[in-house]
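Undergrad: prediction below, plus the sequence it came from.
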Amino acid sequence: MKCRSLLILGALGGCADSSPPLLYIDATPDGTALSVELARDPGYDFSDTHASLNGVDLGSAQVDEGANGKVFTGDGGRLASATWQIAFAQIGTSAHLVVQDGGDIVVDLPTIGAQRTATLTTPLTAPLAPGSSLAATTGVASDIVTGSFIIEQPDGSPCMSPGPDQSQPGGGVSVTLDNPALVEGEWSCGAVPAAGTLFHGTLDLILDVTPELAQCTGDGVTCESVTIPQLETTMPVELQF
């Protein structure tokens, strides 16, 4: 489930006969709010569980009692959960999260709300060619970035998906354009253009961003990568074959 790919914390405390809790932090599907979900064994009592973000109590959680069974096996079993949401507009640049559930889990995301823009740093003053490199940045130096640089016809039909992207220091990412004559299936705008053809299209730049996770503390806590909603921009582009 994509919305649980941001942050997973194996947490602390709780009863000796219960499984360790999990904490998921993610953007909501519409990208406007941060979701904080604490998952425990089915039937867990969340009445003494509280969460705060930047010192503001998140109030009552939305509780799902879960269902007994083998969780994650498709037989209907699922963890119980307590979920809170807070709008990104209320967070500011950074997020300091504290979840109290038999002990404190503390998470700091100092740049989660920083201003970011998907920006192509490669000049487009001259036509690109197969083998050219493209680079982009979010503008936040501590970000880890992956990207899709898709060249399309003006109507949005994809023509060329560049080769593997490489994260760069300073919140950047780069790719090298594949030669569509050599990469099967990479060119879908009719026949591969003949040498000397100037192709007019659109570059669709899509960035996936992992912001800095500065702190994750608590007995037994395990943290995974944090990501935020995709950044996207489009611009005209020319390819010289």
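TA: Cool, the structure landed. Numbers count the residues shown, from 1 in each chain.

Undergrad: any weak-confidence spans in the protein?
TA: 1-18, 69-76, 160-163, 178-188, 190-191, 219-224 (pLDDT under 70).

Undergrad: using the record's assignment, carve it into domains.
TA: 2-109, 119-210+231-240 (automatic domain parsing).

Undergrad: number of nearby residues for P21?
TA: Residues near P21, counting by other C-beta atoms under 10 Å, number 27. Bear in mind the C-beta positions are built from the backbone N, C-alpha and C, glycine included.

Undergrad: want to throw the domains of the chain into JSON lines with distance to S225?
TA: Shown next, in JSON lines, are the domains of the chain (distance: least, C-beta to C-beta, whole Å):
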{"stretch": "domain 2-109", "distance to S225": "7"}
{"stretch": "domain 119-210+231-240", "distance to S225": "5"}
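
Undergrad: figure out which of those domains is closest to T217.
TA: Of all those, it is domain 2-109 that lies closest to T217, at 4.8 Å by C-beta to C-beta.

Undergrad: mind checking how far the closest one is from the chain centre?
TA: Domain 2-109 has its C-alpha centroid displaced from the chain centroid by 18 Å (C-alpha atoms, centre = their mean, to the nearest Å).

Undergrad: apart from its chain neighbours, what residue comes closest to P110?
TA: S94 (4.6 Å; C-beta to C-beta, 6 or more residues apart in numbering).

Undergrad: what's the distance between the one you found and T119?
TA: 22 Å (C-beta to C-beta, to the nearest Å).

Undergrad: related to what we said a few turns ago, count of neighbours near the residue nearest to P110?
TA: 16.

Undergrad: one more: L198?
TA: Residues lying near L198 (other C-beta under 10 Å) number 10.

Undergrad: can we start the residue count at 87 from this point?
TA: Yep, numbering from 87; the last one is L284 now.

Undergrad: for it, give me its contacts.
TA: Neighbouring residues of L284 by C-beta atoms under 8 Å, 6 or more residues apart in numbering: P213, E324, L325, Q326, F327.

Undergrad: cool, A166 as well?
TA: By C-beta under 8 Å, 6+ apart, the residues touching A166 are A125, R126, D127, P128, G129, Y130, F132, V149, D150, E151, G152.

Undergrad: tell me what it is bridged to.
TA: Under DSSP bridges, the beta-bridge partners of A166 are R126.

Undergrad: cool, and L214?
TA: L325.
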